[in-house]
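> sequence unavailable; structure follows:
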């Protein structure tokens, strides 16, 4: 395996999972150590060159300078935290750690659900049960996040915050009609503060 | 929130993600501290009672004795490891940790892909691109796992091993026709040894 000076990331400007990694890199001061490679993947289109690095064909996938390969997004984020001069995104142990990991699972699971919902809604014959279930999960998740917004604002910014803010920004990107801010003032205020961070400003998700 | 003597797990005998948690509990000697509650979820059917514990409506979801709620499966597994008398499933740091986490992501991502594939194949009009992509990812994953099988056998049994063995057992459960053992002798031998462990014997996945 070739040795290079920079880590190499299979990347796309449209993937909210890639965005989590790039936000983490910016938060940790590591963005300039990552070289991004545009890798196009879609639900219906496997990127065959990616399969040798990640047989599941998913991005983000990170290749370290010694050739070691890491995925998925949360594993890459924890790795970056572990090599940073000042790790800060993953509390090392105890209740703070599991709160952060549970929040990360909520934000990332919400993203997974939203992508599945969008894919389902775009089909010729969407499954009504899946559409209705997605609406229920969306409503329950936003309600839970509004209830947790003050606590999010008080805790140190970490991997849970990144995942949840990325999911809410993805709502703005793909589900504008849901108007998620209506009736959720604390979550709206927390999200506005999160996306004003330089790490979020540097990593907006766009169609290209 | 009520205090009880046992942790409570939203559980199903059919979920390979629940199984990962139960295998971890058995490996760590914690199975008798978990009370399981049968919670029925399906792609097309939200369990509304579950949404108050986990707004994404997914199992496994664990409720600690103090009322703290944890999800998803890997977060629960790491929590159980952290409270065990002898933590052993998650290496604490360094290359061993990230190898284990990458393997876990491979096994769990493979499970996700297989469930999506099975769901797609069961539709009236499956998307040909998704079916073909699933076949390619399956082939690439089995090839990668066969190449890694000797290393899996040599390393301490941990969270990566659990996830990969659960995925292969799910192939046996739902994708018998793929005959994944053909041409993969080292992976087959490793899997046979894994599923002979008491933790696997105690947690077989079944239709009910």
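Ah, there it is. Not measured: the values here are computed from a predicted model.
> ok, stretch A:43-58 near chain B or not?
Yes - applying Cβ under 8 Å from any Cβ of the partner chain, one finds stretch A:43-58 in contact with chain B at A:43-46, A:48, A:51-52, A:55-58. Using the backbone N, CA and C atoms, a C-beta is placed for each residue, glycine as well.
> where does pLDDT dip in chain A?
For chain A, applying pLDDT under 70 flags the ranges A:1-4, A:208.
> ranges for the strands of it?
A:7-11, A:34-38, A:61-63, A:69-70 (DSSP state E).
> including mean neighbour count, could those go into JSON lines?
Listed next are those as JSON lines, based on neighbours: other Cβ atoms under 10 Å in any protein chain shown:
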{"stretch": "strand A:7-11", "mean neighbour count": "21"}
{"stretch": "strand A:34-38", "mean neighbour count": "15"}
{"stretch": "strand A:61-63", "mean neighbour count": "25"}
{"stretch": "strand A:69-70", "mean neighbour count": "20"}
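> got a markdown table for the residues of stretch A:43-58 next to chain B, with neighbour count and distance to residue A:28 too?
Shown next, in a markdown table, are these (neighbours: other Cβ atoms under 10 Å in any protein chain shown; distance: Cβ to Cβ, whole Å):
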| residue | neighbour count | distance to residue A:28 |
| --- | --- | --- |
| A:43 | 16 | 31 |
| A:44 | 13 | 35 |
| A:45 | 13 | 32 |
| A:46 | 21 | 31 |
| A:48 | 10 | 32 |
| A:51 | 18 | 29 |
| A:52 | 11 | 28 |
| A:55 | 24 | 28 |
| A:56 | 22 | 25 |
| A:57 | 25 | 27 |
| A:58 | 23 | 22 |
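> so which of these comes closest to residue A:170?
Closest approach between the residues of stretch A:43-58 next to chain B and residue A:170, by Cβ to Cβ: residue A:43, at 15.6 Å.
> and that closest one, how far from residue B:140?
For residue A:43, the distance to residue B:140 (Cβ to Cβ, to the nearest Å) stands at 17 Å.
> again with residue A:150
Counting by Cβ to Cβ, the separation of residue A:150 from residue B:140 is 45 Å.
> with neighbour numbers in mind, choose between those two.
residue B:140 (19 against 13; other Cβ atoms under 10 Å in any protein chain shown).
> residues touching that one, list them.
For residue B:140, the contact set (Cβ atoms under 8 Å, 6 or more residues apart in numbering or on different chains) comprises A:51-52, A:55-57.
> could I get the residues you listed as CSV with distance to residue A:113?
CSV is the format used below for the contacts of residue B:140 (distance: Cβ to Cβ, whole Å):
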residue, distance to residue A:113
A:51, 26
A:52, 30
A:55, 24
A:56, 19
A:57, 20
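> out of those, which are inside helices?
Of these, none are assigned to helices by DSSP state H.
> residues near the spatially closest residue to residue A:193 that is not a sequence neighbour, how many?
Spatial nearest neighbour of residue A:193, excluding adjacent residues (Cβ to Cβ, 6 or more residues apart in numbering or on different chains): residue A:153 at 7.2 Å. By the measure other Cβ under 10 Å, the count of residues near residue A:153 is 15.
> same thing with residue A:169?
Neighbour count of residue A:169, defined by other Cβ under 10 Å: 20.
> please tell me how far the closest residue to it other than its chain neighbours sits from chain B.
Spatially, and ignoring its direct neighbours in sequence, residue A:169 is nearest to residue A:195 (6.2 Å; Cβ to Cβ, 6+ apart). Residue A:195 sits 22 Å away from chain B, going by Cβ to the nearest Cβ, to the nearest Å.
> tell me where chain A has helices.
According to DSSP H, the helices that chain A contains are A:16-27, A:73-83, A:94-121, A:128-154, A:159-174, A:185-195, A:198-201.
> how about CSV for those, with distance to residue B:82 added?
Output for the helices of chain A, formatted as CSV (distance: least, Cβ to Cβ, whole Å):
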stretch, distance to residue B:82
helix A:16-27, 22
helix A:73-83, 15
helix A:94-121, 8
helix A:128-154, 22
helix A:159-174, 17
helix A:185-195, 28
helix A:198-201, 28
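> give me whichever of those helices is most buried.
Greatest average neighbour count among these goes to helix A:16-27 (a mean of 25), per mean count of other Cβ atoms under 10 Å in any protein chain shown.
> how about that helix, does it reach chain B?
No - Helix A:16-27 does not reach chain B (Cβ under 8 Å from any Cβ); its nearest approach is 11.5 Å.
> from the contact counts, what lies against that helix?
When contacts are defined as 3 or more Cβ pairs under 8 Å, 6 or more residues apart in numbering or on different chains; DSSP states H and E, helix A:16-27 packs onto strand A:7-11, helix A:73-83, helix A:94-121, helix A:159-174, helix A:198-201.
> quick one: distance of the third one to the chain centre.
Relative to the mean C-alpha coordinate of its chain, helix A:94-121 is positioned 9 Å out (Cα atoms, centre = their mean, to the nearest Å).
> just want the angle from that helix to helix A:16-27.
140 degrees (axes from the mean of the first three to the mean of the last three Cα atoms, to 10 degrees).
> what's the angle between helix A:94-121 and helix B:128-154?
Using the same axes, to 10 degrees, helix A:94-121 lies at 150 degrees relative to helix B:128-154.
> now for helix A:94-121, which elements pack on it?
For helix A:94-121, the packing partners by 3+ Cβ pairs under 8 Å, 6+ apart are helix A:16-27, helix A:73-83, helix A:128-154, helix A:159-174, strand B:69-70, helix B:73-83.
> can you add distance to residue A:103 and give these back as CSV?
Converted to CSV, the helices and strands packed on helix A:94-121 look like this (distance: least, Cβ to Cβ, whole Å):
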stretch, distance to residue A:103
helix A:16-27, 12
helix A:73-83, 12
helix A:128-154, 8
helix A:159-174, 3
strand B:69-70, 11
helix B:73-83, 10
